[in-house]
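my questions are about this predicted structure, shown below with the sequence.
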Amino acid sequence: MTDQTPLVRIDGLSKHFGQTVALDSLTLDIARGEFVTFLGPSGCGKSTTLRILGGFERPTTGRVILDGVDVTNQPPEKRHVNMVFQDYALFPHMTVAQNVSFGLELKGMGKAAISNRLTEILSFLELEAYADRYPVQLSGGQRQRVALARALAPDPALLLLDEPLGALDAKLRGQVQQELKSIQRRTDKTFFFVTHDQEEALTMSDRIVVLNKGRVEQDGTPEQLYFHPASRFVAQFIGETNLLSGRVRGTDGDRIVMDWQGTTLTGTAPASVPDAGQTVTASVRLEKLGFHNERPQTENAVQGRVVGRTFLGSRMAMQIAVGETEEAQLRAYVDADTGRALGGDPVWIGWDADHMAVLND
Ligand code: ATP
């Protein structure tokens, strides 16, 4: 039976640096085997959380419970936690094997046990061929894997990764993302990953916690955050979106009916349901808009005119003017052939209510 108790319990954590509130009453659990990503703009408190989990920083208030034990005041070496740094922090004068063995020696492990573990972890990460190389003789991706091998070697309960792919170029980054995710799956380890890169977070995580100014803005699966952002901040921070500002007419079950540019639209309701007459913003993703010659059957439909298009290779970004004054604009993604065929004639744009999230600002 799997252990249902959370591996990590973050309980009311706050961290103040003088007047700066880096973390503000953060409370959440992390399950065993979860790949959880802390995502947010620079200065939102991601690294502070990670450093507190690692024991490199003490919180101003609150507790960290690891495997049922309060570790808030324990130093890093006493915790069953390890870390991969952005710059890998590999020792340049040590070979790959020596780098990976280092932490095991510190733990006081015997020579034979170290040798066994080293063989095991190098083979697991397909690094056997590089055991005698020095970091300078490795590619960026290989160095990253060595850093991961070193961090995983002592078999920590929790692995902290602080923007570990930041030093890689875009192409390699994509490849290493897949690799990292697959390693996490195969080891079944709990990964706490920190990044400001929303695409990276969407690609790898089981769960994303969006932080803003030291507070949790939203906590959910990549799909939940992308298609059902809870706030304007999340809608804009993750992916691209259309933000439609309108006035609430009322509710229809768990949906909100709103007026926008002389049309009635329906979308999913936010956690805190707005009152009739209130001004709200709704978010609809660019790829969820469909083009039609006649009024479509979708719950939401508006008429517009294509006023711009940008070729993006695999798809085309369309700009559509909507409403009597054509002041409002929508952006949409379509495949390049569809995009090219759309001309100056008025066109219908449709989308389902489930694809439009009314937001709490
Ligand atoms: P980045 O993506 O830029 O690393 P972050 O989300 O990881 O940002 P933190 O490093 O956690 O942000 O910092 C949160 C806030 O706390 C910031 O305003 C930062 O300036 C402040 N801060 C962090 N460490 C210290 C410190 N040692 N002394 C003073 N202020 C600090």
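It's in.

list the contacts for the residue of the stretch 51-200 of the chain found nearest the ligand?
Nearest residue of the stretch 51-200 of the chain to the ligand, counting by C-beta to the nearest ligand atom: H196, 4.9 Å away. In short, each C-beta sits where N, CA and C put it, glycine included. Neighbouring residues of H196 by C-beta atoms under 8 Å, 6 or more residues apart in numbering: L39, G40, P41, S42, K46, E163.

pretty sure the fifth one contacts F38?
Yes - with contact defined as C-beta atoms under 8 Å, K46 counts as touching F38 (4.5 Å).

find residues that contact each of the two.
V194, T195, L211.

buried residues, stretch 35-45. List them.
F35, V36, T37, F38, L39, G40, C44, G45 (16 or more other C-beta atoms under 10 Å).

can I get these in CSV with distance to G141, secondary structure and pLDDT?
Output for the buried residues of stretch 35-45, formatted as CSV (distance: C-beta to C-beta, whole Å; DSSP: H, G, I helix; E, B strand; the rest coil; pLDDT from 0 to 100):
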residue, distance to G141, secondary structure, pLDDT
F35, 19, strand, 97
V36, 24, strand, 98
T37, 20, strand, 97
F38, 23, strand, 97
L39, 23, strand, 96
G40, 26, coil, 94
C44, 28, coil, 94
G45, 29, coil, 95
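
restrict those to those near the ligand?
Taking C-beta under 6 Å from any ligand atom as the test, the ligand is in contact with G40, C44, G45 out of the buried residues of stretch 35-45.

how about the first one, nearest residue that isn't a chain neighbour?
Leaving aside its sequence neighbours, G40 sits nearest to L211 (C-beta to C-beta, 6 or more residues apart in numbering; 3.8 Å).

hang on, the earlier thing: closest to A89 among the buried residues of stretch 35-45?
F38 (20.1 Å; C-beta to C-beta).

poorly predicted segments of the stretch 51-200 of the chain, please.
Within the stretch 51-200 of the chain, no stretch has pLDDT under 70.

coming back round to it: mind checking which helix or strand the residue nearest to G40 is in?
Using DSSP states H and E, L211 maps to strand 207-212.

do the helix or strand just after that strand and the ligand meet at all?
Downstream of strand 207-212, the next assigned helix or strand under DSSP H and E is strand 215-220. No - figure legend: strand 215-220 not in contact with the ligand (C-beta under 6 Å from any ligand atom); closest approach 11.8 Å.

what's strand 215-220 packed up against?
Contacts defined by 3 or more C-beta pairs under 8 Å, 6 or more residues apart in numbering; DSSP states H and E place strand 215-220 against strand 20-30, strand 207-212, helix 232-237.

packing partners for the strand or helix carrying R143?
Applying DSSP H and E as the criterion places R143 in helix 140-152. Packing partners of helix 140-152 (3+ C-beta pairs under 8 Å, 6+ apart): strand 81-84, helix 96-106, helix 111-124, helix 170-187.

just how off-centre is that helix within its chain?
22 Å (C-alpha atoms, centre = their mean, to the nearest Å).

packing partners for the following helix or strand past it?
Sequence-wise, the next helix or strand downstream of helix 140-152 (DSSP H and E) is strand 158-162. Secondary-structure packing of strand 158-162 (3+ C-beta pairs under 8 Å, 6+ apart): helix 46-54, strand 81-84, strand 190-195.

just checking, A147 touches V84?
Yes - counting by C-beta under 8 Å, A147 does reach V84; the two are 5.1 Å apart.

any common contacting residues for these two?
P164.

what comes up buried for stretch 272-286?
Buried residues in stretch 272-286 (16+ other C-beta under 10 Å): P274, V280, T281, A282, S283, V284, R285, L286.
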